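Student: Make a model of this:
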Amino acid sequence: MKTAVSTVKSSVISFADFKEITKVRLAASVVFSSIAGYFLGAYQVDVISVVLLAFGGYCMVGASNAYNQILERDLDALMHRTKNRPLPAGRMTVKVALTIAIVMTLLGVAALYLLSPKTALFGAISIFLYTCVYTPLKTVTPLAVFVGAIPGAIPFMLGWVAATNDFGIEPGTLFMIQFFWQFPHFWALGWMLDEDYKRGGFKMLPTLKKDRTTALQIILYTIWMIAMSIMPVFGFTGRLVLSVPAALIILALGLIMLFFALRLYTKRDNKSARALMLASVTYISLIQIGYVIDKFLW
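Tutor: You can find the predicted model right below:
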């Protein structure tokens, strides 16, 4: 009886560690963004394509996160937030983690290739940049965040490319929206976790300090994000269009996020940074939903 119970417990722990090594919540948000981009680009929605995109997108992010945790396992052990991850805690070996990463890479690229070669190419580029450029740069320079924003911005664009097998002004606009969004979102998170990141030797904030200059940069990138988010209402972005009512709603959401960025500039505390981080997560989800609803309403 004890053996059976132990086996079940071990299986549960293993599944929990798999979710941790692939960062299931982050992967789910990437899948959400990709599907939103697909709906925006598709002339006709194909269920099989959506399933392939969701599966490929999850594998793409899961592989990137697994590679990241392999490379940073010793640094993760130094930080309170990450010391209980499967690798630094000793619950998973590097060999197992690497196997997961390689298998998910192959499955992800294959699934995206079935959609189109361009989709697979962008997926592969995302894994490469995240693993081979962003991850090692994090302990070298704050510019790592700029590099990391590139793979972070690919999912919204990836959905459009998957639906059309084409890259043009439309997916480029979707990319830029999520690219500029990355900075206030990640710097707010970096602000909250600054002390912990410093334990691991990570250089995440642009000035390496929780100061007015960092907060000012957050404000500036938030403004650029707002500008890009409403750009389709002016008719400059091909098939990617936005009605005036939808643009006004998205503008209002952006101004709310800007309010939280301004409050961080004024107060410069972790509570304000957390509020901005949560506002940014809400913002990106709502505007993606708004874009999709607007397309099918108008």
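
Student: right, and residue 39 touches residue 293 too?
Tutor: No - using C-beta atoms under 8 Å, residue 39 is not in contact with residue 293; the gap is 9.6 Å. (C-beta placed from N, C-alpha, C; glycine too.)

Student: When these two are compared, which one has more neighbours?
Tutor: residue 39 (20 against 13; other C-beta atoms under 10 Å).

Student: packing partners for the host helix or strand of the more buried one?
Tutor: Element membership of residue 39 [criterion: DSSP states H and E] is helix 24-41. Helix 24-41 is packed against helix 47-71, helix 144-164, helix 169-192, helix 270-297, with contacts defined by 3 or more C-beta pairs under 8 Å, 6 or more residues apart in numbering; DSSP states H and E.

Student: For that helix, which outside residues touch it?
Tutor: 45, 49-50, 53-54, 57-58, 60-62, 65, 155-164, 170-171, 174, 178, 239-240, 281, 284-285, 288-289, 291-292, 295 (C-beta atoms under 8 Å, 6 or more residues apart in numbering).

Student: Apply 7 Å and report the result again.
Tutor: For helix 24-41, the external contacting residues (C-beta atoms under 7 Å, 6 or more residues apart in numbering) are 45, 50, 53-54, 57-58, 61-62, 65, 155-160, 162-164, 170, 174, 178, 240, 288, 291-292, 295.

Student: and that helix, how far out from the chain's middle?
Tutor: Taking C-alpha atoms, centre = their mean, to the nearest Å, one finds helix 24-41 lying 10 Å from the centre of the chain it belongs to.

Student: residue contacts, residue 220?
Tutor: Residue 220 makes no contacts at all, as judged by C-beta under 7 Å, 6+ apart.

Student: related to what we said a few turns ago, I'd like the average pLDDT over the helix holding residue 39.
Tutor: Averaged across helix 24-41, the pLDDT comes to 92.

Student: which regions of the stretch 151-298 of the chain lie under the pLDDT threshold?
Tutor: For the stretch 151-298 of the chain, residues meeting the criterion pLDDT under 70 lie at 298.

Student: let me redo that: the stretch 1-150 of the chain
Tutor: Per-residue confidence for the stretch 1-150 of the chain (pLDDT under 70) gives these ranges: 1-13.

Student: number of nearby residues for residue 62?
Tutor: Using other C-beta under 10 Å, residue 62 has 26 other residues around it.

Student: Just confirm it contacts residue 102, I think it does.
Tutor: No - using C-beta atoms under 7 Å, residue 62 is not in contact with residue 102; the gap is 11.4 Å.

Student: Please save the CA atoms from stretch 265-285 in CSV.
Tutor: Only the C-alpha atoms of stretch 265-285 are listed here, as CSV (Å, rounded to 0.1, in the frame of the first residue of the first chain):
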residue,chain,number,x,y,z
TYR,A,265,7.5,57.5,-11.0
THR,A,266,6.0,59.5,-8.1
LYS,A,267,6.2,56.9,-5.3
ARG,A,268,9.0,54.6,-6.5
ASP,A,269,7.9,51.7,-4.2
ASN,A,270,7.3,48.0,-4.7
LYS,A,271,3.6,48.4,-4.1
SER,A,272,3.3,50.7,-7.1
ALA,A,273,5.5,48.4,-9.2
ARG,A,274,3.2,45.5,-8.4
ALA,A,275,0.2,47.5,-9.3
LEU,A,276,1.7,48.4,-12.7
MET,A,277,2.8,44.8,-13.3
LEU,A,278,-0.8,43.6,-12.7
ALA,A,279,-2.2,46.4,-14.8
SER,A,280,0.1,45.5,-17.7
VAL,A,281,-1.0,41.8,-17.6
THR,A,282,-4.7,42.9,-17.7
TYR,A,283,-4.0,45.4,-20.4
ILE,A,284,-2.4,43.1,-22.9
SER,A,285,-5.1,40.4,-22.4
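
Student: which residues sit against it?
Tutor: Contacts of stretch 265-285 (C-beta under 7 Å, 6+ apart): 178, 181, 184-185, 188-189, 191-192, 210, 212, 215-216, 219, 253-254, 256-257, 260-261, 263-264.

Student: Just the buried residues of those.
Tutor: 178, 181, 184-185, 188-189, 191-192, 210, 215, 253-254, 257, 260-261, 263-264 (16 or more other C-beta atoms under 10 Å).

Student: What's the separation between residue 106 and residue 112?
Tutor: Separation of residue 106 from residue 112 (C-beta to C-beta, to the nearest Å): 11 Å.
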